[in-house]
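>>> Please work out how this folds:
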Amino acid sequence: MPYNEYIAIEGAIGVGKTTLARMVSEELRASLLLEVFEENPFLSDFYADRQRYAFQTQIFFLLSRYHQQSRIIPQTLARERLVSDYLFDKDRLFAHLNLINDELAMYERVHRILGEQIPAPDLVVYLRASTDVLMGRIALRDRPYERNMSRDYIDSLRLAYDDFFSSYASAPVLTIDTDNLDFVRSRQDRGYVIGLVRTALEQGSIQQALPQLKEQAPPTGMRILKGGRRRLGDFQRFHRALDQEKGFGSDLGMNFAGLTEEVGEVGREVKLSLIEAERLADRTGNYQEALDRAIAGRRELLAEEMADVLAYLLKLANYTGIDLEEAYVRKMGRNWRRDFESRIRNLQEEA
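Coordinates of the predicted model:
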């Protein structure tokens with residue numbers, strides 16, 4: 001069965017998300033999912049009095065987006081590609097912009113529960129534009145409930161989007177600056193943008209499918225199993241689905257003990273490989289060749305034990321609320337900038 005990509009188009013109000021989503025869906029012959037924001041009964045009141053109506057507006061949006069995406073995305077992707085003009089994760093961006101204190105804490109708890117059920121996109125297209133350009137486009141489309149939007153609010157929203165996508169790690173992000181693009185009226189600009197999207201999709205790596213779960217597993221778990229572009233966070237979500245289906249315990253101590261046991265199993269396989277390499281080297285006189293042959297003979301067992309180590313690490317990350325991919329990228333970024341040779345020399349001098 002072919003793998004059907006899911007593309008989300010994102011950006012601040014007025015940047016052209018819906019317009020581009022329609023164009024991309026038509027070009028890729030994909031189904032189209034549009035956000036139904038006009039149905040929010042609090043929206044007009046919110047733009048008139050943000051502080052008073054922020055919580056009602058945000059919770060309505062969250063539940064509406066969850067209801068739409070949790071149902072439509074898995075069903076559609078089982079048949080064909082999908083292009084959406086919004087990303088479920090971005091709901092938190094607006095919440096942090098508009099909510100504070102207990103209201104924000106309550107929102108975060110609800111979002112955390114619902115977000116686990118939503119499949120991550122294969123590609124997010126983030127459309128950027130300056131505040132002046134956004135204000136001009138908002139005025140041009142002249143929606144009644146947007147007429148009272150202040151420039152300061154749009155500017156803060158634009159900055160919040162930039163900040164959000166600077167650290168977004170749940171899916172690959174293609175950022176496109178649209179200040180000097182007019183993909184509505186210019187066929188050349190439209191072709192350029194769609195070409196960027198096609199290239200981003202083609203360059204994504206396709207990984208093997210994971211073992212099957214029962215159909216009652218969370219939709220995000222089922223999506224991950226079908227193969228396709230995945231990141232480390234997807235494997236964390238898979239383990240949440242697996243633990244839910246199999247009833248695996250979430251006791252931190254027991255899972256840490258399981259991790260250390262599996263690390264020991266890896267050590268045993270490495271030790272046996274080294275022993276075998278010494279034996280073969282006595283015959284061949286070439287230790288590297290002997291080591292390669294010894295490892296090849298135990299590679300399948302080594303792979304199984306290493307997979308178990310990774311599984312326990314993913315589970316521990318889930319139980320402690322750690323985004324393992326984000327933590328890895330951040331830590332390796334620091335390591336890349338370190339001067340390890342100087343550090344080794346200092347340690348040798350101290351010794």
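
>>> Just the buried residues of stretch 170-181, please?
Within stretch 170-181, the residues that qualify as buried are 170-174, 176, 178, 181, counting by 16 or more other CB atoms under 10 Å. Bear in mind the C-beta positions are built from the backbone N, C-alpha and C, glycine included.

>>> pLDDT averaged over it, what's the number?
pLDDT averaged over stretch 170-181 equals 89, rounded to a whole number.

>>> Now that stretch - C-alpha only, CSV.
Presented in CSV, the C-alpha positions along stretch 170-181 are these (Å, rounded to 0.1, in the frame of the first residue of the first chain):
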residue,chain,number,x,y,z
SER,A,170,8.0,17.2,15.4
ALA,A,171,8.3,17.4,11.6
PRO,A,172,10.5,18.8,8.9
VAL,A,173,9.9,22.5,8.3
LEU,A,174,10.2,24.3,4.9
THR,A,175,10.3,28.1,5.6
ILE,A,176,9.3,30.4,2.8
ASP,A,177,9.6,34.2,3.0
THR,A,178,6.6,35.6,1.1
ASP,A,179,7.2,39.3,1.2
ASN,A,180,8.2,39.4,-2.4
LEU,A,181,6.1,36.5,-3.6
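
>>> how about Phe238, phi and psi?
Phi and psi for Phe238, reported as degrees, to the nearest 10, are phi -60, psi -40.

>>> And for it, the neighbour number?
Here the number of neighbours of Phe238 (other CB atoms under 10 Å) works out to 24.

>>> Next one: it from Thr320, what distance?
When distance is defined by CB to CB, to the nearest Å, Phe238 is 17 Å away from Thr320.

>>> Could you do Leu242 as well?
As defined by CB to CB, Leu242 lies at a distance of 17 Å from Thr320.

>>> Who has more neighbours out of these two?
Taking neighbours as other CB under 10 Å, Leu242 and Thr320 compare with Leu242 leading, 19 against 9.

>>> where does the stretch 101-250 of the chain have low pLDDT?
Low-confidence regions of the stretch 101-250 of the chain, defined here as pLDDT under 70, cover residues 204-230.

>>> circling back: which among the buried residues of stretch 170-181 gets closest to Phe94?
Ser170 (17.1 Å; CB to CB).

>>> For the closest one, which non-adjacent residue is spatially closest?
Ala120 (4.9 Å; CB to CB, 6 or more residues apart in numbering).

>>> What is the three-state secondary structure of the one you found?
Following DSSP: H, G, I helix; E, B strand; the rest coil, the label given to Ala120 is coil.

>>> residues touching Glu269, list them.
Shown here is Glu269, whose contacts under the criterion CB atoms under 8 Å, 6 or more residues apart in numbering are 298, 301-302, 305.

>>> can you check Leu201 too?
Leu201 makes contact with 5, 7, 122-123, according to CB under 8 Å, 6+ apart.
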